[in-house]
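S.K.: need a 3D model of the sequence below.
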Amino acid sequence: MAYSAITKAADYFNTLLYSGNSSVRSLTGVGFEPSWVWIKERTSTSDHMLFDQPRGVEKYMSSNQDTIEQTSSSMLTAFDSDGFSLGSGNDVNDNGQTYVSWNWKGNGAGSSNTDGSINTTTTSANTTSGVSISTYTGTGSAATVGHGLGVVPEMLIVKQRTGTQWWFVYHIGMGNDRQGSLNTTGAESGGSSAYWNSTTPTSSVFSVGTDGATNGSGEDLVAYAFAPIKGFSKFGKYTGNGSSNGTFVYTGFSPAFVMVKRIDNTGHWIMKDNKRPGYNPNDYYIWADAADVETSASSVGMDLFSNGFKLTGNAGNTNASGGSYIYMAFAQSPLVANVDGGLPATAR
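M.R.: Numbering: from 1, shown residues only. Predicted structure coming up:
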């Protein structure tokens, strides 16, 4: 049975749904000041919009694109105490369209971390939730970068901000000489030290090799690092069975957010949460690697339980027979709140 020091998961991760109105506005209801905001229009084709405090307000990148960081005063304009403020940009606030925003709490704008051979420009680390965001300048030579979490991260997402490079992903389920790309459907690739220097992250730093996507000489980069927190977050791997009575993945908490990627073959990054329609069966999904609208299909069904998630369809993206998949999951509530006599979380 899992225990968590986090008694209210929504203080560190929360999904917010809203409708656009093309007017300058502030949105509340997140429950905290987010350090990382990921927005996707649900009802129309548009790019994913990723904002974070270390890179600075009004700066965004898109998980489905390899393009450079952009700046706009019509997108996200402020990180607020209970949410964020928006301009009138269509990708985040088009009149009559609906949106989902996934929000993580870090540590504000953060400060420089000097643990690695590369000093970060700024690192926003929340050791309670196991989430950190770092910006740094690459050297082109194998190096280490401080993440500030104090425990070993099991997933990294890195993107060069100043060049047209893919988003690269390190995950414990792939290993330190393999990588995935967030903006493509490709299977994992590897056998090279160019991205992670064939080195597993430590409790203080992660390693980068010589490739420009993670360590381009003179290039600005951003890294999102995630460490597992018992009862709040989990990063792992499962094997599909190709059945509507699909694989069950134990997380130790009721998931609020799950992202799944097939790694032995092509497949989209599937994003699900507990706020969008279709809860058990949760048939609604968004692709992190594409601008497509939100879609519903029973073949990618996923039930969210009090202690994990279960695949209920046989789509290759989530549950092909014998397929290998990695996932990241964040909690709605822990199975047990704390080690001092906490009560089991109730099922939704």
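S.K.: show me where pLDDT drops low in the stretch 151-300 of the chain?
M.R.: Nowhere does the stretch 151-300 of the chain drop to pLDDT under 70.
S.K.: helices along that one, start to end?
M.R.: Under the criterion DSSP state H, counting those that start in this stretch, the stretch 151-300 of the chain contains helices at 212-215.
S.K.: ok, the helix or strand that contains S333: who's next to it in the sheet?
M.R.: In this assignment (DSSP states H and E), S333 forms part of strand 324-334. Using DSSP bridges, strand 324-334 pairs in its sheet with strand 233-239 (antiparallel), strand 253-262 (antiparallel).
S.K.: of the ones you listed, which is nearest A290?
M.R.: Proximity to A290 (Cβ to Cβ) singles out strand 253-262 among the strands paired with strand 324-334, at 12.9 Å. Quick note: C-beta positions are derived from backbone N, CA and C, even for glycine.
S.K.: which residues of the stretch 51-200 of the chain fall in strands?
M.R.: Along the stretch 51-200 of the chain, counting by DSSP state E, counting those that start in this stretch, strands occupy 59-60, 70-71, 76-80, 83-86, 98-104, 122-126, 131-137, 143-146, 155-160, 168-171, 178-181, 189-190.
S.K.: any chance of those in TSV, plus mean neighbour count and distance to F235?
M.R.: What follows is the strands of the stretch 51-200 of the chain, written out as TSV (neighbours: other Cβ atoms under 10 Å; distance: least, Cβ to Cβ, whole Å):
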stretch	mean neighbour count	distance to F235
strand 59-60	21	25
strand 70-71	13	29
strand 76-80	19	25
strand 83-86	22	26
strand 98-104	22	14
strand 122-126	24	16
strand 131-137	26	12
strand 143-146	23	19
strand 155-160	25	5
strand 168-171	24	7
strand 178-181	22	13
strand 189-190	16	18
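S.K.: any idea which of these gets closest to I326?
M.R.: strand 168-171 (4.8 Å).
S.K.: any idea how far T202 is from P153?
M.R.: 9 Å (Cβ to Cβ, to the nearest Å).
S.K.: have a look at the two and say which one is more surrounded.
M.R.: Shown here are T202 and P153; by other Cβ atoms under 10 Å, P153 has more neighbours (25 against 16).
S.K.: residues contacting the closest residue in space to that one that isn't next to it in sequence?
M.R.: Of all residues not flanking P153 in the chain, A225 sits nearest, at 4.2 Å (Cβ to Cβ, 6 or more residues apart in numbering). Residues near A225 by Cβ atoms under 8 Å, 6 or more residues apart in numbering: 131-134, 147, 149, 153, 155-156, 201, 206.
S.K.: ok, these vs A290, which is closest?
M.R.: Once Cβ to Cβ is applied, the member of the contacts of A225 that ends up nearest A290 is M155, at 20.6 Å.
S.K.: just list whatever residues bridge to the closest one.
M.R.: Residues in beta-bridge contact with M155 (DSSP bridges): H171, F226.
S.K.: tell me who's in contact with it.
M.R.: 169-172, 225-226, 235, 328.
S.K.: for the contacts of A225, which two are the farthest from each other?
M.R.: Farthest pair in the contacts of A225, by Cβ to Cβ: I133 and P201, 15.0 Å.
S.K.: residues in contact with K237?
M.R.: 172-173, 324-327.
S.K.: which single one of the residues you listed is nearest to G89?
M.R.: Once Cβ to Cβ is applied, the member of the contacts of K237 that ends up nearest G89 is Y327, at 31.0 Å.
S.K.: what's near enough to touch the nearest residue to the closest one once chain neighbours are set aside?
M.R.: With sequence-adjacent residues excluded and distances taken as Cβ to Cβ, 6+ apart, Y327 is closest to V260, at 4.8 Å. The contact partners of V260, by Cβ under 8 Å, 6+ apart, come to 269-270, 272, 317-318, 325-327.
S.K.: are any of those buried, and which?
M.R.: 269-270, 272, 317-318, 325-327 (16 or more other Cβ atoms under 10 Å).
S.K.: could you dump the strands paired with strand 324-334 to CSV with distance to Y18?
M.R.: Output for the strands paired with strand 324-334, formatted as CSV (distance: least, Cβ to Cβ, whole Å):
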stretch, distance to Y18
strand 233-239, 24
strand 253-262, 17
